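[1] Dropping the sequence and predicted coords here.
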Amino acid sequence: GKALELSDGGEELKAVLEKVRAGEFGPGHDVDPILHVLQPENDYYLVRHDFQGYLDAQRRADELYRDQEAWTRQSILITAGMGTFSTDRTIGQYAKEIWGIEPCRRPEPEPIGRSR
């Protein structure tokens with residue numbers, strides 16, 4: 001198969017990382033772990049690859065927010081459309097359909113003051 005071509009995050013990410021390195025967001029000992037995991041060889045969660053898409057989505061959200069009527073309408077529609085999504089339902093569906101396992105009930109906790 002073809003190898004995934006990963007983005008380096010672009011110029012905007014480079015500018016952000018320079019500000020972080022320069023200490024704008026805190027002392028080095030606080031931000032060094034962030035800089036470390038954002039190095040290409042350490043970017044397990046592909047933050048660099050997704051950064052431009054995140055910025056694009058944030059810009060669209062900012063633009064929509066400026067039109068309060070459209071923002072309110074979209075907020076209501078998105079909330080109403082979430083009816084079938086819940087983490088409990090999603091995890092249960094994955095367990096059943098993908099992992100092929102059944103839920104395991106845990107014992108009820110003992111009331112405080114009673115020992116087993």
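    That came through, no problem. These numbers were taken from a predicted model, which means no experiment stands behind them.
[2] Neighbours of D62, how many?
    Here the number of neighbours of D62 (other Cβ atoms under 10 Å) works out to 9. (Each C-beta comes from the backbone N, C-alpha and C, glycine too.)
[3] what helix or strand does it sit in?
    helix 47-66 (DSSP states H and E).
[4] And D50, how close does it get to P33?
    19 Å (Cβ to Cβ, to the nearest Å).
[5] Buried residues, stretch 39-51. List them.
    Along stretch 39-51, these residues count as buried under the neighbour rule (16 or more other Cβ atoms under 10 Å): 43, 48-49, 51.
[6] hmm, I was thinking of stretch 27-40
    For stretch 27-40, a neighbour-count test (16+ other Cβ under 10 Å) marks 31, 38 as buried.
[7] neighbouring contacts of that stretch?
    With contact meaning Cβ atoms under 8 Å, 6 or more residues apart in numbering, stretch 27-40 is reached by 6, 8, 17, 20-21, 23, 25, 42-44, 47-48.
[8] related to what we said a few turns ago, identify, from the buried residues of stretch 39-51, the entry nearest to T90.
    Nearest to T90 among those: H49, at 24.2 Å, using Cβ to Cβ.
[9] close enough to count as contact, that closest one and L13?
    No - H49 is beyond contact range of L13, at 10.0 Å (criterion: Cβ atoms under 8 Å).
[10] And the least confident helix or strand in the chain by mean pLDDT, what does it pack against?
    The least trusted helix or strand in the chain, going by mean pLDDT, DSSP states H and E, turns out to be helix 87-93, with a mean of 86. On a contact count with 3 or more Cβ pairs under 8 Å, 6 or more residues apart in numbering; DSSP states H and E, helix 87-93 meets no helix or strand.
[11] Next, the buried residues of it.
    Applying a neighbour-count criterion of 16+ other Cβ under 10 Å, one finds nothing buried in helix 87-93.
[12] So which residues make contact with that helix?
    So helix 87-93 is contacted by P103 (Cβ under 8 Å, 6+ apart).
[13] same question, stretch 94-105
    Stretch 94-105 is contacted from outside by G92, using Cβ under 8 Å, 6+ apart.
[14] now swap in stretch 55-67 and tell me
    When contacts are defined by Cβ under 8 Å, 6+ apart, stretch 55-67 is touched by residues 12, 70-71, 74.
[15] Many thanks, have a good one.
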